[in-house]
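> Requesting a structural model of the entry that follows:
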Amino acid sequence: MAFCTNKCVDNLECVALDVCDFYGEEKSCRLVRSLKINLTTTDYGKTCRRYKMDKRCGDGELNEEILKRCILYLCDFETTTEPSCFLTETTDDIFNWSRKSGKTGSSSTGPNGAKVGTYYKFIEASSPRVNGQTAKLVSNKDFEDKAYCLSMYYHMYGQTTGTLKIQTRTGNDPAVTHWELSGNQGNQWYSIDRLNLPLNSNTKIIIEATRGRDFYSDISVDYIVLWSFACP
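As a prediction, this is how the structure comes out:
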């Protein structure tokens, strides 16, 4: 059975877990990005112990014990090409998200920098953007028929900030909104820690940002993780 190091069990906001397994006398460890959840130390330890690392998995890949496969979907936007990222731009919107380090170009809106690492994605609300235009990130993976757990950071600062949604769409059915927030939330990053999404091979995840009535409406996202199990 795998275990969490004391350092990470005691600090629920750590961004990595050192998870180990023993194969006879052989010890196999990998570095795993953590799911930030607000649980007690005891509950957090139990959550970690549900999963174990396998020496057949690559660094940063989680071996889920039930499925016996190495899997981790992570979009941290640190590189322009991310094999682990499950989201991509789509033509089913008005404009694209922008990858950014540091502060956005407009004053009194947007973050001062990424929440994790150096880069994040945001919608640039300045001209030529107008009120009500949308930008979407859409999943590009085939999912199994079950519940997945999504966590991410978001930043919504500006007096005319619009709306951020997390949706799913199965086939040609109407999109279903699982989380939605509108308006100015202040100049800080917030987290969505545990959002269950029912998925299957015909389902797409959509992260949609809508521009507000003025350019003071940059919306940003960072460190989006989709775990292949239901949220604990």
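> Specify the residue ranges that define each domain of the chain.
In the domain annotation for the chain, the residue ranges read 6-70, 73-227 (automatic domain parsing).
> how about TSV for the ones you listed, with mean neighbour count and mean pLDDT added?
(C-beta placed from N, C-alpha, C; glycine too.) Listed next are the domains of the chain as TSV, based on neighbours: other CB atoms under 10 Å; pLDDT from 0 to 100:
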stretch	mean neighbour count	mean pLDDT
domain 6-70	15	43
domain 73-227	18	94
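> contacting residues for the closest residue to residue 138 other than its chain neighbours?
Excluding its sequence neighbours, the residue lying closest to residue 138 (CB to CB, 6 or more residues apart in numbering) is residue 90, at 4.3 Å. With contact set as CB atoms under 8 Å, 6 or more residues apart in numbering, residue 90 has these partners: 136, 137, 138.
> Of the residues you listed, which belong to strands?
136, 137, 138 (DSSP state E).
> Now do the contacts for the last one.
Residue 138 makes contact with 87, 88, 89, 90, 92, 204, 205, 206, 207 under the criterion CB under 8 Å, 6+ apart.
> Go through the residues you listed and say which is closest to residue 158.
Proximity of the contacts of residue 138 to residue 158 (CB to CB) peaks at residue 207, which lies at 18.4 Å.
> Which neighbours in the sheet does the helix or strand the closest one falls within have, and how are they oriented?
In the assignment (DSSP states H and E), residue 207 maps to strand 203-210. In its sheet, strand 203-210 lies beside strand 134-139 (antiparallel), strand 163-170 (antiparallel), with partners assigned from DSSP bridges.
> which residues touch residue 177?
Residue 177 makes contacts with 165, 166, 167, as judged by CB under 8 Å, 6+ apart.
> One more pass at 10 Å, please.
With contacts defined as CB atoms under 10 Å, 6 or more residues apart in numbering, residue 177 is in contact with 165, 166, 167, 168, 206, 208.
> now residue 224
With CB under 10 Å, 6+ apart as the criterion, the residues that contact residue 224 are 73-77, 85-87, 120-121, 137, 150-154, 166, 192, 205, 207.
> do you know how far the nearest residue to residue 178 once chain neighbours are set aside is from residue 213?
Once its chain neighbours are removed from consideration, residue 178 has its nearest residue in residue 166; the separation is 5.3 Å (CB to CB, 6+ apart). Applying CB to CB, to the nearest Å, the value for residue 166 to residue 213 is 23 Å.
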